[in-house]
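[1] Okay, here's the prediction I keep looking at, along with the sequence it came from:
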Amino acid sequence: MKNSPLVTFLLGVLAVSAVLSVVFCALYISSIREYRSLAGQAGAIELRRNAINSLLRDTVEYSKSNSAINPILESFGYHKPATVPTNKPGGK
């Protein structure tokens with residue numbers, strides 16, 4: 001029985017497909033590892049951000065009773081929000 005060129009071609013396609021599957025699998029695993037690493041770093045950053053925001057809120061509350069901390073807040077670029085004036089309706 002003779003080897004058909006179609007069988008040889010299909011075996012070549014199968015071999016190329018198998019090699020590409022292994023390469024894509026390795027790339028996928030690498031990407032997933034990087035994603036998990038970055039997700040962990042993002043979680044840590046979020047925890048730090050929440051802690052800093054909580055500290056800032058507590059500091060602003062403290063500044064209401066002790067205004068000596070206001071220059072420190074201003075040195076870090078945080079200005080106490082000004083109270084919004086209420087507009088009284090004008091009599092026409």
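    Ah, there it is.
[2] How is residue 78 assigned, secondary-structure-wise?
    For residue 78, the assignment made with DSSP: H, G, I helix; E, B strand; the rest coil gives coil.
[3] With residue 3 instead?
    Three-state assignment for residue 3 (three-state DSSP): coil.
[4] Give the other helices and strands that the host helix or strand of residue 28 contacts.
    Using DSSP states H and E, residue 28 falls within helix 5-65. Here helix 5-65 touches helix 70-75, going by 3 or more C-beta pairs under 8 Å, 6 or more residues apart in numbering; DSSP states H and E. Where C-beta positions appear, they are placed from N, C-alpha and C, glycine not excepted.
[5] mind listing what's buried in the helix it packs on?
    With burial defined by 16 or more other C-beta atoms under 10 Å, the residues of helix 70-75 counted as buried are residue 73.
[6] ok, now stretch 48-63?
    So for stretch 48-63, counting by 16+ other C-beta under 10 Å, buried means residue 63.
[7] can you give me how far it is from the chain middle?
    On the basis of C-alpha atoms, centre = their mean, to the nearest Å, stretch 48-63 sits 21 Å off its chain's mean C-alpha point.
[8] Can you list the neighbours in contact with it?
    Residues from elsewhere that reach stretch 48-63 (C-beta atoms under 8 Å, 6 or more residues apart in numbering): 69, 70, 73, 78, 80.
[9] Understood, closing this out.
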